[in-house]
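Peer 1: Generate a structure from the sequence data that follows.
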Amino acid sequence: MTDPSGPAPTTSSPPDLPAQTGAAGGIRIGRGLRRLADPRSLHWRITATVAAVACAMALGIGILVHRSSETRMMSIGRDKALTALESAEVHTRDDPSVRDDLSELGIYVGEELPDPLRELLASRPGPVTWYDNREPERDPDMWAATRVEGTELAVSVPMIMDVLSLKALDRHMTYAAVAMLTLVVPLTVLSAELVLRRLRRVAGTARRIRHGELDARTASRRHDEIGEISSAVDLMADALQERLHDEQRFTADVAHELRTPLAGLVTSASLLPESEATDLVRDRVQVLRALVEDLLEISRLDAGAEQANAQQVPLGELVTECVRRTGLDTRITVIGHPLAETDPRRLDRIVTNLVLNAHRHGGPPVEITVDTTTIVVRDHGPGFPPGLLAHGPQRFRTGAAERGHGHGLGLTIALGQARVIGARLTLTNAAPNGAIATLELPH
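Peer 2: Predicted coordinates for the structure are as follows:
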């Protein structure tokens, strides 16, 4: 079941009530929170990228500063050890009597030297230095050693304060990096939001245009990349609106120009003598007349010239009468005694088109259910084509592969009349087969 035209149905504008305004604000906040929670959002990608770059920079700078400070610490430690070694060498040379008490002065000779230091001293001429951090539980030392009159002489300088200073520097750099991230990440989220808000405005404008608001524009005045996208969308909307207006004017002009010769054809056909050929001509003339009237109705709907004349009507009786006038076998179910305030003439037009469309493109049985202010028309045919459900009905496109099964205007008119009376018309497929058209009248 198909038939059709125009954009997908949209509906009535809600009344301007404070409660609804608050609900709309809550919906916008909820959407914003869902966007932030979505891991696919650009918020997270931009934030993660900036955070990764900031961490890489902090890590690189930290490693560079750590190694530079460590090199400087070792250099100072060696200088201190060599200076102490020179003092010890002079002291032992000038006062040989103190050689028996060297350990009390922090001076080590012969077997008292650590094995790695003795091996290093044996491999090269003195003086040599060696950093001793072999045992984690002991404080590290910087050793300096040389030979004095054939005797191995060494001194050690404690490095614990230098090591603690280096650890404190690493700890402070870590704190600074964490503090930087706590500042950079919120600023990145805020900056990304300012950019993404403009992109969402462009996307929202495109969606409004898609749903028929051809006057929607982004009106961006910034001369950056997003401004270029906004300008391109606005130019596209201008061109689309102009082409659509040209199409509407052409349709209206053609329909108006056809009315005069069509009236002559109708009169001439009525004067023909009765025959099988005359019946065929009259039938085709009536089809042409219905097509021209449909085109005129579409042109008025496109121009926004139609106004609803709402009044309270018994919905079940009105729908039953509409179906009866079609002369088609249709099951009707009315739940209760529903009343609705709507334009009965336009509602009759919508229901008639939906029923005709169901019989023409669907399969029996065709059923109508009226419940409160909702009217559901269901058939048991192949259902709406995927293209119609995705893009909405298109003029002069039907679901029938062969010609001669409608002009594809019925659903277009039904959608247009639904917008006039503030109703919502949705098209879906039923399981396992069949098409469903649901008309929801405003309460």
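
Peer 1: low pLDDT regions in the stretch 201-350 of the chain?
Peer 2: Scanning the stretch 201-350 of the chain with the threshold set as pLDDT under 70 gives 255, 302-305.

Peer 1: The same query, at a cut-off of 90, please.
Peer 2: 201-316, 318-319, 322-323, 325-330, 332, 334-350 (pLDDT under 90).

Peer 1: just the strands in it please.
Peer 2: Using DSSP state E, counting those that start in this stretch, the strands found in the stretch 201-350 of the chain span residues 311-314, 330-335, 339-342.

Peer 1: helices and strands around the last one, which ones?
Peer 2: I take that to be strand 339-342. strand 311-314 (3 or more Cβ pairs under 8 Å, 6 or more residues apart in numbering; DSSP states H and E). C-betas here are computed from N, CA, C, even on glycine.

Peer 1: Other residues contacting the strand it packs on?
Peer 2: His337, Pro338, Leu339, Ala340, Glu341, Thr342, Asp343, Pro344, Leu347 (Cβ atoms under 8 Å, 6 or more residues apart in numbering).

Peer 1: Distance to Arg259 for those - can I get that in TSV?
Peer 2: TSV is the format used below for the contacts of strand 311-314 (distance: Cβ to Cβ, whole Å):
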residue	distance to Arg259
His337	42
Pro338	38
Leu339	38
Ala340	34
Glu341	34
Thr342	29
Asp343	25
Pro344	26
Leu347	26
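
Peer 1: what's the most buried one of the strands of the stretch 201-350 of the chain?
Peer 2: Mean neighbour count (mean count of other Cβ atoms under 10 Å) peaks for strand 339-342 among the strands of the stretch 201-350 of the chain, with a mean of 18.

Peer 1: CA atoms only: put it into PDB for me.
Peer 2: Extracted in PDB, the C-alpha atoms of strand 339-342 (Å, rounded to 0.1, in the frame of the first residue of the first chain):
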ATOM      1  CA  LEU A 339     -15.800  13.200  20.200                       C
ATOM      2  CA  ALA A 340     -13.200  15.400  18.500                       C
ATOM      3  CA  GLU A 341     -13.000  19.100  17.700                       C
ATOM      4  CA  THR A 342     -11.800  19.200  14.100                       C
END
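
Peer 1: For the contacts of strand 311-314, which two are the farthest from each other?
Peer 2: Across these, no pair lies farther apart than His337 and Asp343, at 20.1 Å, counting by Cβ to Cβ.

Peer 1: Neighbour count for the two, which is higher?
Peer 2: The residue with more neighbours, out of His337 and Asp343, is Asp343; 21 against 9, by other Cβ atoms under 10 Å.

Peer 1: What are the boundaries of the helices in the stretch 201-350 of the chain?
Peer 2: With DSSP state H, counting those that start in this stretch as the criterion, the stretch 201-350 of the chain has helices at 225-271, 276-303, 315-326, 344-361.

Peer 1: I'd guess Val370 is in a helix, am I close?
Peer 2: No: going by DSSP: H, G, I helix; E, B strand; the rest coil, the assignment for Val370 is strand, not a helix.

Peer 1: Can you report how many residues neighbour Val148?
Peer 2: For Val148, the neighbour count with other Cβ under 10 Å is 16.

Peer 1: whoops, I mixed them up, Thr83
Peer 2: Neighbour number of Thr83 under other Cβ under 10 Å is 13.

Peer 1: That one: what's it in contact with?
Peer 2: Contacts of Thr83 by Cβ under 8 Å, 6+ apart: none found.

Peer 1: Next, it: secondary structure please.
Peer 2: Going by three-state DSSP: Thr83 is helix.

Peer 1: From here on, call the first residue 33.
Peer 2: Yep, numbering from 33; the last one is Thr115 now.

Peer 1: Please determine how far it is located from Pro157.
Peer 2: The gap separating Thr115 from Pro157 is 19 Å, by Cβ to Cβ, to the nearest Å.

Peer 1: next one: Pro417
Peer 2: 95 Å.

Peer 1: ok, the two, which is more surrounded?
Peer 2: Using other Cβ under 10 Å, the more surrounded residue of Pro417 and Pro157 is Pro417, with 17 against 8.

Peer 1: So what does the more buried one look like in phi/psi?
Peer 2: phi -70, psi 150 (degrees, to the nearest 10).

Peer 1: With adjacent residues omitted, what lies nearest to Leu201?
Peer 2: Spatial nearest neighbour of Leu201, chain neighbours left out: Ser101 (5.8 Å); criterion: Cβ to Cβ, 6 or more residues apart in numbering.

Peer 1: in what helix or strand does the one you found lie?
Peer 2: Element membership of Ser101 [criterion: DSSP states H and E] is helix 74-126.

Peer 1: Partner strands of the helix or strand that that helix is followed by, with direction?
Peer 2: Heading C-terminal from helix 74-126, the first helix or strand you meet, by DSSP H and E, is strand 139-141. Using DSSP bridges, strand 139-141 pairs in its sheet with strand 183-190 (antiparallel).

Peer 1: I'd like the average pLDDT over the partner strand.
Peer 2: Here strand 183-190 scores 86 as its mean pLDDT.

Peer 1: What lies in contact with it?
Peer 2: 109, 112-113, 116-117, 120-121, 124, 138-142, 144-145, 149-150, 153, 164, 171-179.

Peer 1: could I have it exported to PDB, CA atoms only?
Peer 2: Taking C-alpha atoms only, strand 183-190 is exported to PDB below (Å, rounded to 0.1, in the frame of the first residue of the first chain):
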ATOM      1  CA  THR A 183      97.800   1.400  48.600                       C
ATOM      2  CA  GLU A 184      94.200   1.600  47.500                       C
ATOM      3  CA  LEU A 185      92.500   4.600  49.200                       C
ATOM      4  CA  ALA A 186      88.800   5.500  49.000                       C
ATOM      5  CA  VAL A 187      86.200   7.700  50.500                       C
ATOM      6  CA  SER A 188      82.400   7.700  50.400                       C
ATOM      7  CA  VAL A 189      79.900  10.600  50.400                       C
ATOM      8  CA  PRO A 190      76.300  10.000  51.400                       C
END
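
Peer 1: Buried ones in it, by neighbour count?
Peer 2: Glu184, Leu185, Ala186, Val187, Ser188, Val189 (16 or more other Cβ atoms under 10 Å).

Peer 1: which of those lies closest to Ile78?
Peer 2: Closest approach between the buried residues of strand 183-190 and Ile78, by Cβ to Cβ: Val189, at 51.2 Å.

Peer 1: beta partners for that closest one?
Peer 2: Here Val189 shows beta-bridge partners Met174, assigned using DSSP bridges.

Peer 1: And Val160, by the same measure?
Peer 2: Ala177.

Peer 1: Where does the prediction get shaky in the stretch 83-232 of the chain?
Peer 2: 83-84, 86, 115-159, 164-171, 177-189, 212-213, 216-232.

Peer 1: now do 80
Peer 2: In the predicted model of the stretch 83-232 of the chain, residues 121-143, 157-158, 168-169, 180-183 satisfy pLDDT under 80.

Peer 1: thinking again about what came up before, and the helix holding Ser101, how far from the chain's centre?
Peer 2: 47 Å (Cα atoms, centre = their mean, to the nearest Å).
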